[in-house]
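Asks: whatever this is, show me its structure:
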Amino acid sequence: MSAASGVFGRLKPRARLKQRVRALLDRSVRPYVEEIVGRLSRPVDGWWNQPPPRAFVDLHATLHEARSLALADMPSGAKSILSPGPNGAWYFDWIEDCYGHVERHIGVEAFMARPSQLPPNVEWIEGDVSGPGGVRALPSGSIDLIFSGQNIEHLWPLQMERFFLEANRVLTDRGWLVLDSPNRDLTAAYGWSMAEHTIELTPREAATLIELAGFELETMKGLWLCRRDGEVLPLDPLEDPTGPAGVLRRLALAGKRPEDSFFWWAEARKARRPDASALRDALRSIFEAAWQERINRLRPAPGCHLEKDSTGATHVLAARGRPGEVLIGPWTALPPGEFRFRIPVRWSGGERAACHAATVELWAGAALLDQRPVTTGGDAAGVATVTLHAPPGPTRFGARIRVVSPGTVDLQIPCELEIDPEPWRSAATGEY
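Replies: Okay, here's the model as predicted:
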């Protein structure tokens, strides 16, 4: 049995009871869900002349609605909430609208300036929960609930370690840690990337880390069902062939299927001291296993396509006579430092004379960091490994390779991007 399987197997009796109750509720609510779906499917009183709510046709609105419903279902009774990375004054209004009023809401923000106006119950601390010293302004055992929404996937392993340890320190005994994040099993399936993300965690990996950090996992649920019977469903609700009715069904039935949902949502209670050494080892194992997949989410441009060969290796193909962008990706974060990106470029169908086969660019945000031409050297077919340089710099987001073809040859770009040194192992992230 894996460590993650053990976590799900060792849920406390109350948590197991809660899971059984949720399963019963899921079965009991299904007929009502299907009834509502049926009503949505039948135009009544001119409904078909009205546009459906945004949550049924816009991915951002769908995910926001799912998270808002989960917020309303968070453990009640907290008098103090800590929010790492609140991202603006709107965030506190959102929490109050969904969860309700709390006496003390503390936002800890490392990047954004303090908003000019905040609600009276909000305290704003310029700091970093995942920083070397934590949040020294907060005494140990002083917070009832931490809500870290869409935050952990922005952290490098040392930062994740510090976050969990600091969360354990500042929470009261039996205080609540609530997290939500994208599920890497689904982000990988979609080839989906965000410019500020390191790697996303699977629900089982998150459960393992939560327990090693000294918490008891009470609830692990899904928020947006994106896989059913092994089939990956359209991520964008607008592309769901069953329309708003299917979107409603997927939102309603995601709860007990975190492994098949695009977002997982975890609620855990502080129970013991963290096992810091085991936590660090688990994080190292997760990043070692996930890193190459994460940085090889290379998206083919229109007119190009991904293809797997007989060995299972994936390539992006671009035909001769089709000039323009071939691929772009992976859209990832880079910590402070200096890095080299390497990617092979294969060509075929060239002429005897040397010609320009492709240009490979390295970008971070809006900055072009480096670019290199690929020439055939007079070979009709061949391969060149292109190395691009990211000079020493601060934290950078949206790091990506872009390959552009003049259309002179057939191109085959193996999804074998390497970054040296691997950013998650670098000195800036703790020499993991």
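
Asks: quick one, strands of the stretch 301-432 of the chain?
Replies: Remark: strands assigned in the stretch 301-432 of the chain by DSSP state E, counting those that start in this stretch are 305-308, 314-318, 324-334, 337-348, 356-364, 367-375, 382-393, 396-405, 410-414, 418-420.

Asks: in JSON lines: these, plus mean neighbour count, mean pLDDT and distance to S140.
Replies: (C-beta placed from N, C-alpha, C; glycine too.) JSON lines is the format used below for the strands of the stretch 301-432 of the chain (neighbours: other C-beta atoms under 10 Å; pLDDT from 0 to 100; distance: least, C-beta to C-beta, whole Å):
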{"stretch": "strand 305-308", "mean neighbour count": "12", "mean pLDDT": "92", "distance to S140": "50"}
{"stretch": "strand 314-318", "mean neighbour count": "20", "mean pLDDT": "96", "distance to S140": "48"}
{"stretch": "strand 324-334", "mean neighbour count": "21", "mean pLDDT": "97", "distance to S140": "30"}
{"stretch": "strand 337-348", "mean neighbour count": "19", "mean pLDDT": "97", "distance to S140": "33"}
{"stretch": "strand 356-364", "mean neighbour count": "20", "mean pLDDT": "97", "distance to S140": "38"}
{"stretch": "strand 367-375", "mean neighbour count": "15", "mean pLDDT": "97", "distance to S140": "42"}
{"stretch": "strand 382-393", "mean neighbour count": "15", "mean pLDDT": "97", "distance to S140": "36"}
{"stretch": "strand 396-405", "mean neighbour count": "21", "mean pLDDT": "98", "distance to S140": "33"}
{"stretch": "strand 410-414", "mean neighbour count": "22", "mean pLDDT": "97", "distance to S140": "51"}
{"stretch": "strand 418-420", "mean neighbour count": "16", "mean pLDDT": "97", "distance to S140": "38"}
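
Asks: turn these into CSV, including distance to A290.
Replies: Output for those, formatted as CSV (distance: least, C-beta to C-beta, whole Å):
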stretch, distance to A290
strand 305-308, 19
strand 314-318, 16
strand 324-334, 12
strand 337-348, 18
strand 356-364, 21
strand 367-375, 24
strand 382-393, 21
strand 396-405, 17
strand 410-414, 19
strand 418-420, 14
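
Asks: of all those, which one comes closest to W291?
Replies: Among these, the nearest to W291 by C-beta to C-beta is strand 418-420 (8.8 Å).

Asks: check contacts around T375.
Replies: A354, C355, H356, A357 (C-beta atoms under 8 Å, 6 or more residues apart in numbering).

Asks: skipping its backbone neighbours, what lies nearest the first one in space?
Replies: The one in question is A354. Take A354 and drop its neighbours on the chain: the residue closest to it by C-beta to C-beta, 6 or more residues apart in numbering is G378, 4.7 Å away.

Asks: still on that earlier bit, tell me which of the contacts of T375 is nearest to D185?
Replies: A357 (35.9 Å).

Asks: measure V374 to L298 for me?
Replies: V374 sits 16 Å away from L298, going by C-beta to C-beta, to the nearest Å.

Asks: try A278
Replies: A278 sits 34 Å away from L298, taking C-beta to C-beta as the criterion.

Asks: more neighbours: these two, which one.
Replies: When A278 and L298 are compared for neighbours, L298 comes out ahead with 27 against 15, by other C-beta atoms under 10 Å.

Asks: between the strands of the stretch 301-432 of the chain, which one is closest to R228.
Replies: Per C-beta to C-beta, nearest to R228 of those: strand 305-308, 22.9 Å.

Asks: and that closest one, what does it pack onto?
Replies: For strand 305-308, the packing partners by 3 or more C-beta pairs under 8 Å, 6 or more residues apart in numbering; DSSP states H and E come out as strand 314-318.

Asks: sheet partners, orientation included, of the strand it packs on?
Replies: Strand 314-318 sits in its sheet next to strand 305-308 (antiparallel), strand 410-414 (antiparallel), going by DSSP bridges.

Asks: would CSV of those strands with distance to T202 be doable?
Replies: As requested, these are arranged in CSV below (distance: least, C-beta to C-beta, whole Å):
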stretch, distance to T202
strand 305-308, 22
strand 410-414, 26
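
Asks: low pLDDT regions in the stretch 1-150 of the chain?
Replies: Where the stretch 1-150 of the chain drops to pLDDT under 70, the residues are 1-50.

Asks: try 90
Replies: Along the stretch 1-150 of the chain, the parts satisfying pLDDT under 90 run over 1-57, 69, 87-88, 110-113, 133.

Asks: repeat that for the stretch 151-300 of the chain.
Replies: 242-246, 248-249, 252-253, 256.

Asks: show me the strands in it, by range?
Replies: With DSSP E, counting those that start in this stretch, the ranges of strands along the stretch 151-300 of the chain come out as 171-182, 215-222, 227-228, 231-232, 263-270, 299-300.

Asks: okay, the angle between the first one and strand 263-270?
Replies: Interaxial angle of strand 171-182 relative to strand 263-270 (axes from the mean of the first three to the mean of the last three C-alpha atoms, to 10 degrees): 170 degrees.

Asks: tell me the buried residues in strand 171-182?
Replies: For strand 171-182, burial by neighbour count (16 or more other C-beta atoms under 10 Å) applies to L171, T172, G175, W176, L177, V178, L179, D180, S181, P182.

Asks: adjacent strands (with direction) for that strand?
Replies: Applying DSSP bridges, strand 171-182 is found paired with strand 143-149 (parallel), strand 263-270 (antiparallel).

Asks: relative to L306, how far out is G191?
Replies: 8 Å.

Asks: please apply the same query to E325.
Replies: Counting by C-beta to C-beta, the gap from E325 to L306 is 15 Å.

Asks: and what of I343?
Replies: Separation of I343 from L306 (C-beta to C-beta) stands at 15 Å.

Asks: and I95, by the same measure?
Replies: 40 Å.

Asks: returning to that earlier point: farthest-separated two in the buried residues of strand 171-182?
Replies: T172 and P182 (29.0 Å).

Asks: could I get the full set of helices for the stretch 51-200 of the chain?
Replies: For the stretch 51-200 of the chain, the helices defined by DSSP state H, counting those that start in this stretch occupy 59-72, 89-98, 157-170, 184-190.

Asks: now, of those helices, which is deepest in the fold?
Replies: Mean neighbour count (mean count of other C-beta atoms under 10 Å) peaks for helix 157-170 among the helices of the stretch 51-200 of the chain, with a mean of 23.
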